[in-house]
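> based on what follows, work out the 3D shape:
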Amino acid sequence: MRTRATIARQKNVSRDCTNGSLVRRRRARIAKRPAKGWRKAISRCQGPTRTPKQREDFARKQANALVSSHDVIAFEDLKIANMVKNRHLAKSISDAAWGTFLRWVKYYAMLHDIPVVAVSPHFTSQDCSACGTTVKKSLSVRTHICTGCGMVLDRDHNAAINILAKAVDRTVGQTGTSRVRSA
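Numbering: from 1, shown residues only. Predicted coordinates for the structure are as follows:
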């Protein structure tokens, strides 16, 4: 015995199969969508090249601006390869691209005949820039408070003054050297 539901189902099946609409719909659906993982593969291909190019471009522009606006450039001669071994600092140092930035600074300084001086990093943030007293502190302490003369400065500002003083000591009497000097 046939019921209405089976007759309706048979009509739908026979109608779909006879005129080929089911097959056409499947083909159209397959043609519209890309292969599985296609978007993921494209994003993987585009991702790794974009970020390094952005880092390189940013480092180049900042280095050019720095060299164009200063007469002497002094920096701590830090061992970047050793610092990257520290798992807490590695990602930040790599993202900042210190080595790339320094390479571009040296290049632009050579073009503009501006001296670049590499200063030894020993005690630059611990020595007082006013009196020379060594004040031991951990990395978490961000303020330099001298026990000898009472001067209070930001740790980085104190280190910058010390680095500049060491660089000036190295370049006294020189007029525009383009080689990197080590202190």
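
> okay, CA-based contacts and neighbour counts for the rest of this
Will do.

> pull the number of nearby residues for Met162.
If you look again at residue 162, you'll see it is Asn, not Met. Residues near Asn162, counting by other Cα atoms under 10 Å, number 23.

> one more: Arg25?
11.

> that's a helix at it, yeah?
Yes: Arg25 forms part of a helix when assessed by DSSP: H, G, I helix; E, B strand; the rest coil.

> quick one: pLDDT of it?
On the pLDDT scale, Arg25 is placed at 70.

> now do the contacts for it.
With contact set as Cα atoms under 8 Å, 6 or more residues apart in numbering, Arg25 has no partners.

> for it, give its distance to Lys91.
50 Å (Cα to Cα, to the nearest Å).

> quick one: the strands in the protein?
Counting by DSSP state E, the chain has strands at residues 73-76, 116-119, 143-145, 152-154, 180-182.

> wait, which of those is closest to Asn82?
Nearest of the strands of the chain to Asn82, taken as Cα to Cα: strand 73-76 at 14.2 Å.

> who does the closest one pair with, and is each partner parallel or antiparallel?
Here strand 73-76 has these sheet partners by DSSP bridges: strand 116-119 (parallel).

> low-scoring stretches of the protein, by residue?
Applying pLDDT under 70 to the chain flags the ranges 1-23, 26-36, 38-39, 41-49, 172-183.

> ok, back up a step: turn the strands of the chain into CSV, including distance to Val84 and mean neighbour count.
Converted to CSV, the strands of the chain look like this (distance: least, Cα to Cα, whole Å; neighbours: other Cα atoms under 10 Å):
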stretch, distance to Val84, mean neighbour count
strand 73-76, 16, 19
strand 116-119, 19, 24
strand 143-145, 25, 19
strand 152-154, 25, 14
strand 180-182, 22, 16
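
> can you list the ones you listed in CSV and add distance to Ala109?
Shown next, in CSV, are those (distance: least, Cα to Cα, whole Å):
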stretch, distance to Ala109
strand 73-76, 8
strand 116-119, 7
strand 143-145, 31
strand 152-154, 28
strand 180-182, 10
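
> closest one to Ala160 among those strands?
Using Cα to Cα, these put strand 73-76 closest to Ala160, at 8.7 Å.

> neighbouring contacts of that closest one?
67, 114-121, 163-164, 167.

> among the strands of the chain, which comes closest to Gln126?
Per Cα to Cα, nearest to Gln126 of those: strand 143-145, 7.7 Å.

> parallel or antiparallel, which strands does that closest one pair with?
Partners of strand 143-145 in the sheet, by DSSP bridges, are strand 152-154 (antiparallel).

> mind listing the helices for this protein?
Assigned by DSSP state H, the helices in the chain fall at 4-19, 21-32, 38-69, 80-83, 90-96, 98-112, 155-171.
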